[in-house]
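Undergrad: need the 3D shape of this:
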Amino acid sequence: MSPSPAELRQHYDRAVLLEEDAGDDPIALFDRWFQEALGAGLLEPNAMTLATVGVDGRPAARAVLLKGFDARGFTFFTNMESRKGRELAANPACALLFWWDVLHRQVRIEGRAETVPAAEADAYFATRPYDSRIGAWASPQSRVVADRAELERAERAAMARYPEDVPRPPYWGGYRVLPGVIEFWQGRPGRLHDRLRYRREGVEWIRERLAP
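TA: You can find the predicted model right below:
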């Protein structure tokens with residue numbers, strides 16, 4: 001008989017997260033952890049959960065892919081007429097979560113989203129494979145469609161319209177999440193996990209340890 005969810009246990013003992021190793025810059029620490037996630041054999045180390053809040057106050061979460069990060073924030077791209085796009089337009093407050101199970105680590109980010117400049121969206125869109133660029137035209141993301149055949153007809157129409165060069169749709173773009181809080185979580189034995197939180201105050205980051 002398969003174990004119930006209540007019976008599942010995982011022993012966390014891969015690493016520790018101490019203040020003297022973490023440093024004062026959360027972006028530098030994220031870069032270090034991300035490089036280690038890249039080397040850990042994860043399927044998509046850049047996968048992150050994006051949480052938004054609708055105008056009705058109801059939260060929603062979905063997985064998206066990180067496509068860049070620097071001192072300004074964390075960037076992803078999407079159809080801006082999708083549910084996430086509509087919610088970010090109404091309320092830019094959002095949160096990101098990275099979960100790297102092999103490393104027993106997670107990173108939580110809270111902040112607000114801003115749209116990236118059109119030139120930046122154009123540059124990234126141009127790097128996408130042909131079928132992904134066509135898909136951006138074919139899919140009315142988050143909208144109800146009759147069936148799979150409707151999507152496939154839209155795909156064929158987009159391919160006929162753009163057999164080679166595929167421009168970026170006007171409704172497709174990028175968001176940069178500007179972080180106000182970044183928390184690093186390292187699993188430890190006995191559930192006494194390491195949690196270091198960085199809070200932005202002006203141009204400075206304040207580092208604090210949280211109880212697990």
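
Undergrad: any idea how far apart the tips of stretch 185-200 sit?
TA: Terminal residues of stretch 185-200 are spaced 18 Å apart (CA to CA, to the nearest Å).

Undergrad: the residue most central in space within the chain sits in which helix or strand?
TA: Nearest to the mean C-alpha position of the chain, by CA atoms, centre = their mean, lies Met48 at 3.5 Å. Per DSSP states H and E, Met48 falls inside strand 47-53.

Undergrad: for that strand, which positions count as buried?
TA: Of the residues in strand 47-53, Ala47, Met48, Leu50, Ala51, Thr52, Val53 count as buried by neighbour count, 16 or more other CB atoms under 10 Å. (Glycine included, C-beta is placed from N, CA and C.)

Undergrad: and of these, the nearest to Ala118?
TA: Nearest to Ala118 among the buried residues of strand 47-53: Leu50, at 21.4 Å, using CB to CB.

Undergrad: from Ala37, how far out is the closest residue to that closest one other than its chain neighbours?
TA: Nearest in space to Leu50, with sequence neighbours left out and distances taken as CB to CB, 6 or more residues apart in numbering, is Val64 at 4.9 Å. With the distance defined as CB to CB, to the nearest Å, Val64 ends up 16 Å from Ala37.

Undergrad: who's more crowded, the two?
TA: Shown here are Val64 and Ala37; by other CB atoms under 10 Å, Ala37 has more neighbours (20 against 16).

Undergrad: okay, buried residues for the one helix or strand that one maps to please.
TA: According to DSSP H and E, Ala37 maps onto helix 26-38. Counting neighbours by 16+ other CB under 10 Å, one finds that the buried residues in helix 26-38 are Pro26, Ile27, Leu29, Phe30, Trp33, Phe34, Ala37.

Undergrad: if we can go back for a sec, which secondary structure elements does the strand holding Met48 sit against?
TA: strand 59-65, strand 73-79, helix 83-90, strand 93-100 (3 or more CB pairs under 8 Å, 6 or more residues apart in numbering; DSSP states H and E).
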